[in-house]
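Q: structure for this input, please:
(chains A and B)
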There are 2 protein chains.
Amino acid sequence: MDPQHRPGGDAERSIMRTALHAAARGPRGANPLVGAVLADAAGRILHVGHHRGAGTVHAEVDVLQRAASAGTDLRGTTMYVTLEPCNHWGRTGPCAEAIVEAGVPRVVFGAPDRTSAAAGGAATLRAAGLEVRSGVLAEEAERLNDRWGETMRAQRPFVTLKVAQTLDARIAAADGTSQWITSASAREHGHDLRARADAVLVGTGTVLADDPRLTARTGDGAAVLRQPLRAAMGLRAVPAGAAIRGSDGRFRHLVTHDPHAALAELYDAGVRHVLIEGGATVAAGFLRAGLVDEISLYQAPLLLGAGRPAFAEQGIGTLADASRWRLDPTGGGPVQQLGPDLWIHLRPAPAD
Amino acid sequence: MDPQHRPGGDAERSIMRTALHAAARGPRGANPLVGAVLADAAGRILHVGHHRGAGTVHAEVDVLQRAASAGTDLRGTTMYVTLEPCNHWGRTGPCAEAIVEAGVPRVVFGAPDRTSAAAGGAATLRAAGLEVRSGVLAEEAERLNDRWGETMRAQRPFVTLKVAQTLDARIAAADGTSQWITSASAREHGHDLRARADAVLVGTGTVLADDPRLTARTGDGAAVLRQPLRAAMGLRAVPAGAAIRGSDGRFRHLVTHDPHAALAELYDAGVRHVLIEGGATVAAGFLRAGLVDEISLYQAPLLLGAGRPAFAEQGIGTLADASRWRLDPTGGGPVQQLGPDLWIHLRPAPAD
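A: Below is the predicted model of the structure:
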């Protein structure tokens, strides 16, 4: 490929920005958000793809599949990826090899892959004779996945806190009634979240109060094929007949009050993304420890004025010490109307 | 005008729908939401207008002003209005006369004006020789302003409840600190709301706890020209030096706990739109009495886990008895991002 026919730095950044926007369409969880763009030698965008969460194809393969469907000639093209193409067999095959096999001659990526398992993609590409450029909008790509990177370095699961509350932050009325605070569309959205997680976690208090099943179900109530692990956390015994136990052997009692210990046990069991579904005490424990990476807040247009609060005491005495969040536009956020309800997507605000 | 050149019923409903959409851009308050469209004999839309709240021109005049600026020939045109043009000198002149004077030959309106003061517009138009058709999408137009109509029939002010809270519905931290929970952009939005209201009301408890000024200010802190009445409601004395008293004589102490009595006193003082700014007890009193017509909820992405709640006990024991609301798309709603915060606009859900 003639270097003179390559897009300039500004053009490459602009293409990478398209890849970043595509990345932000994906959901947070076990994997980082990644977007990819295939462009021709003149810098014209041919295909755009992104990763849709654990168990689905990576962004690069998404783009290659689109190119194959469209019969796109890959000669002279460049693959732009927000993250260095992976080099390992994880839940899907290695992207570096897929790019080489497809015959894309050039790759530009943003952030390097710092995970020990997946790193080395750039070297694989270069060894196969591809031209590789790195570091384009690397900072933006890293920032997009900063909390995910933290969880990788700490070797703990990515933590999503799911809350379904009224406008006055209640999860049950004074008499304990809570079915249903949110609408069918909000609950369906919540089940999609469950289906993507490796584990769902509640406190033993919630098990005793609500006896939830915690299975991921489709809109018509059928269980999805791949069920997350169901974890109850706390020192109280989980009754033999509790619904959370199920009959598939995918239940686990985490006998601890320490969120770090709970996450360590789940990580050892292979869990990379855990969804915390309450109650308020468990949520407060994880919040206080700074271990919540994302909040998925369903808010129904109801007021109760009394009843069980969604959030418990976190040891915050003054406004300056509040737990600070910011609206997260990824995964369809930051706000969606789900029937009569709102879904609000939040991520931790960076420390000042 | 040749009747054969008039748009058909479907076309007229379609034009009226445009007027209804325009109406919904306006803010709720002392006046109903009204939209207007000027169309030519072929049913082509020439100008669209709406009412922007008490003290600003009515929708019909908004459209006539646009037509005058554009030099539009009004011969053969039809004015579509969601509500019967008013016939009285209120805060602005009568629209029926303005339409006659402008020379618009035909008027189609939706809902009749049921207020004793403003009714009779259609008769005035007919007496002046205009062709008038009524009842086009009347039900939609009435529904848009159902709560406003209720307040008119009950001869009480329209009530907006404003709340600025955290994600866990706190309005102050455990130590009482509350400045500022919401961002400057959210507070500016709140000041616009104040500037449009005839009165701002808080409980005496809030006066004693926070000593608020309750003046409507612009983004740079300057007081706006037309200030709402400042009302403190409750049996406790308001200190002589309380900021709410101000020095302009526009302070009023409503010595009652009864929301109906408070509204009656304000109505007699000429107040047609009152903004309730807290605290939780006052808000709960109005909510329990079914006297809140609109909620303007500012939600900051903070969690406190403790502190002063935004909503107090309303006597609701079970979920089925929850106070039910729905997202209100009018006035820029139902959801807006204001800096880091969300503004959520709600109106009472219709009873089942």
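
Q: tell me which residues of stretch A:307-326 come out buried.
A: A:307-312, A:314, A:316, A:319, A:322-325 (16 or more other Cβ atoms under 10 Å in any protein chain shown). To be clear about C-beta, it is placed using only N, CA and C from the backbone, and glycine gets the same treatment.

Q: how many neighbouring residues does residue A:270 have?
A: Number of residues near residue A:270 (other Cβ atoms under 10 Å in any protein chain shown) recorded here: 10.

Q: contact partners for it?
A: Neighbour list for residue A:270: residue A:198 [criterion: Cβ atoms under 8 Å, 6 or more residues apart in numbering or on different chains].

Q: roughly how far does it sit from residue A:239?
A: Computed as Cβ to Cβ, to the nearest Å, the residue A:270 to residue A:239 distance reads 27 Å.

Q: quick one: residue A:72 and residue A:44 touch, right?
A: No. Counting by Cβ atoms under 8 Å, residue A:72 does not reach residue A:44; the two are 11.4 Å apart.

Q: so the two - more neighbours on which side?
A: Ranked by neighbour count (other Cβ under 10 Å), residue A:72 and residue A:44 place residue A:72 first, with 17 against 11.

Q: skipping its backbone neighbours, what lies nearest residue A:97 in space?
A: Leaving aside its sequence neighbours, residue A:97 sits nearest to residue A:124 (Cβ to Cβ, 6 or more residues apart in numbering or on different chains; 7.0 Å).

Q: list the contacts of that neighbour.
A: A:87, A:94, A:96, A:97, A:100.

Q: among those, which one lies nearest to chain B?
A: Nearest to chain B, judged by Cβ to the nearest Cβ, of those is residue A:87 at 37.4 Å.

Q: tally up the residues packed near residue A:170, please.
A: Counted with other Cβ under 10 Å, residue A:170 comes out at 26.

Q: gap between it and chain B?
A: Counting by Cβ to the nearest Cβ, to the nearest Å, the gap between residue A:170 and chain B amounts to 8 Å.

Q: same deal with residue A:253?
A: Distance of residue A:253 to chain B, given as Cβ to the nearest Cβ: 26 Å.

Q: contacts for the helix ranked longest in chain A?
A: Using DSSP state H to assign secondary structure, the helix with the most residues in chain A is helix A:9-23. Residues from elsewhere that reach helix A:9-23, judged by Cβ under 8 Å, 6+ apart: A:7, A:33-37, A:39, A:43, A:45, A:48-51, A:59, A:80-82, A:108, A:110, A:133, A:136-137, A:140-141, A:144, A:330.

Q: let me see the mean pLDDT of it.
A: For helix A:9-23, the mean pLDDT works out to 95.

Q: just checking, next helix/strand downstream of it?
A: The first helix or strand that comes after helix A:9-23 along the chain, using DSSP states H and E, is strand A:35-39.

Q: after that following strand, which helix or strand is next?
A: Of the helices and strands lying after strand A:35-39 in sequence (DSSP H and E), the nearest is strand A:45-50.

Q: ok and that following strand relative to strand A:35-39, angle-wise?
A: Orientation check (axes from the mean of the first three to the mean of the last three Cα atoms, to 10 degrees): strand A:45-50 against strand A:35-39 gives 170 degrees.

Q: check the offset of strand A:45-50 from the chain's centre.
A: Its chain's C-alpha centre and that of strand A:45-50 lie 21 Å apart, by Cα atoms, centre = their mean, to the nearest Å.

Q: what residues of it count as buried?
A: For strand A:45-50, the neighbour count (16+ other Cβ under 10 Å) marks A:46, A:47, A:48, A:49, A:50 as buried.

Q: may I see those residues arranged in TSV, with distance to residue A:334 and pLDDT as well?
A: As requested, the buried residues of strand A:45-50 are exported to TSV (distance: Cβ to Cβ, whole Å; pLDDT from 0 to 100):
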residue	distance to residue A:334	pLDDT
A:46	30	97
A:47	27	98
A:48	22	98
A:49	23	97
A:50	18	97
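
Q: ok, of these, which one's closest to chain B?
A: Using Cβ to the nearest Cβ, residue A:50 is the member of the buried residues of strand A:45-50 that sits closest to chain B, with 22.9 Å.

Q: that closest one contacts residue A:36, correct?
A: Yes. Residue A:50 is in contact with residue A:36 according to Cβ under 8 Å; the separation is 7.1 Å.

Q: pull up the overlap in contacts between those two.
A: With contacts defined as Cβ under 8 Å, 6+ apart, the residues shared by residue A:50 and residue A:36 are A:22, A:59, A:62.

Q: count of residues packed around the first one?
A: By the other Cβ under 10 Å criterion, the neighbourhood of residue A:22 contains 23 residues.

Q: excluding chain neighbours, what is closest to it?
A: Distances taken as Cβ to Cβ, 6+ apart put residue A:35 closest to residue A:22, at 3.4 Å, once the chain neighbours are dropped.

Q: for the one you found, what are its contacts?
A: Contacts here follow Cβ under 8 Å, 6+ apart; on that basis residue A:35 touches A:18-26, A:48-51, A:59, A:81-82.

Q: what do you get for residue A:283?
A: Neighbours of residue A:283 in contact, by Cβ under 8 Å, 6+ apart: A:161, A:163, A:276, A:292, A:310, A:311, A:312.

Q: make JSON lines out of these and add pLDDT and distance to residue B:260.
A: What follows is the contacts of residue A:283, written out as JSON lines (pLDDT from 0 to 100; distance: Cβ to Cβ, whole Å):
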{"residue": "A:161", "pLDDT": "98", "distance to residue B:260": "42"}
{"residue": "A:163", "pLDDT": "98", "distance to residue B:260": "36"}
{"residue": "A:276", "pLDDT": "98", "distance to residue B:260": "45"}
{"residue": "A:292", "pLDDT": "98", "distance to residue B:260": "44"}
{"residue": "A:310", "pLDDT": "97", "distance to residue B:260": "33"}
{"residue": "A:311", "pLDDT": "97", "distance to residue B:260": "34"}
{"residue": "A:312", "pLDDT": "96", "distance to residue B:260": "37"}
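
Q: does the residue nearest to residue A:180 when sequence neighbours are not counted count as helix, strand or coil?
A: Distance criterion Cβ to Cβ, 6+ apart; nearest residue to residue A:180, sequence neighbours excluded, is residue A:187 at 6.8 Å. Under the three-state scheme (DSSP: H, G, I helix; E, B strand; the rest coil), residue A:187 adopts helix.

Q: bridge partners for the residue nearest to residue A:22, pull those for me.
A: residue A:50 (DSSP bridges).

Q: repeat that for residue A:39.
A: Counting by DSSP bridges, residue A:39 is bridged to residue A:45, residue A:78.

Q: against residue A:48, how distant is it?
A: Here residue A:39 is placed at a distance of 10 Å from residue A:48 (Cβ to Cβ).

Q: check residue A:70 too.
A: Distance, residue A:70 to residue A:48, by Cβ to Cβ: 12 Å.

Q: find residues that contact each of the two.
A: Shared contacts of residue A:70 and residue A:48 (Cβ under 8 Å, 6+ apart): none.

Q: could you list the low-pLDDT ranges of chain A?
A: A:1-5, A:89-93, A:116-118, A:352 (pLDDT under 70).

Q: domain-wise, how is it divided?
A: Domain segmentation of chain A under the TED database yields A:8-152, A:156-348.

Q: can you redo the ones you listed as JSON lines with distance to residue B:198?
A: Shown next, in JSON lines, are these (distance: least, Cβ to Cβ, whole Å):
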{"stretch": "domain A:8-152", "distance to residue B:198": "44"}
{"stretch": "domain A:156-348", "distance to residue B:198": "25"}
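
Q: what ranges does chain A have for its helices?
A: According to DSSP H, the helices that chain A contains are A:9-23, A:59-70, A:95-102, A:121-127, A:138-144, A:146-154, A:184-196, A:204-210, A:259-268, A:280-288.
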